[in-house]
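# Give me coordinates for this.
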Amino acid sequence: MALVGTVALVSFGLQTAFEEFAFRGVMLSNFAEGMLARGSSSNWSVVIALLTSSAIFGVSHIVTQGGGGAEGRSIQIVVASTLLGLL
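Below you'll find the model as predicted:
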């Protein structure tokens, strides 16, 4: 039982670390830098980058949380994950 618990905690930690690295570390900074390079203001670039990366974060959770199935379940997952991504 201890082994199962340890494996679960390590898996959860690695998934969380990957999501933070991919969506915050890489995607957010690249989106903001790309917007700045195209002449947007720094504040606007950060806002658009945050909204875009959070929306992609939300959509990515359809696959990981088993979207589909019940009517409207996918939309609920996307909206909830996007809002949590913004947080």
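# which residue sits closest to the residue nearest the centre of the chain, ignoring its sequence neighbours?
For the chain, the residue nearest the mean C-alpha position is Phe57 (2.6 Å; CA atoms, centre = their mean). Excluding the flanking residues, the one nearest Phe57 by CB to CB, 6 or more residues apart in numbering is Gly85, at 3.9 Å. In short, each C-beta sits where N, CA and C put it, glycine included.
# Show me what counts as buried in the biggest helix by length in the chain.
Assignment by DSSP state H gives helix 42-64 as the longest helix of the chain. For helix 42-64, a neighbour-count test (16 or more other CB atoms under 10 Å) marks 45-46, 49-50, 53-58, 60-62 as buried.
# next structured bit after that helix?
Counting by DSSP states H and E, the next helix or strand C-terminal to helix 42-64 is helix 73-86.
# Closest one to Asn30 out of the buried residues of helix 42-64, please.
Closest to Asn30 out of the buried residues of helix 42-64 is Ala49 (8.1 Å), distances taken as CB to CB.
# Quickly note the distance from the closest one to Ser11.
Distance of Ala49 to Ser11, given as CB to CB, to the nearest Å: 29 Å.
# Met27 now?
Using CB to CB, we find Met27 at a distance of 22 Å from Ser11.
# And those two? Which one has more around it.
Just comparing Met27 and Ser11: by other CB atoms under 10 Å the higher neighbour count belongs to Met27, 17 against 10.
# Not counting sequence-adjacent ones, nearest residue to that one?
Ser53 (4.6 Å).
# thought the one you found was touching Leu28?
Yes: the pair Ser53 / Leu28 is scored as a contact, 4.7 Å apart, by CB atoms under 8 Å.
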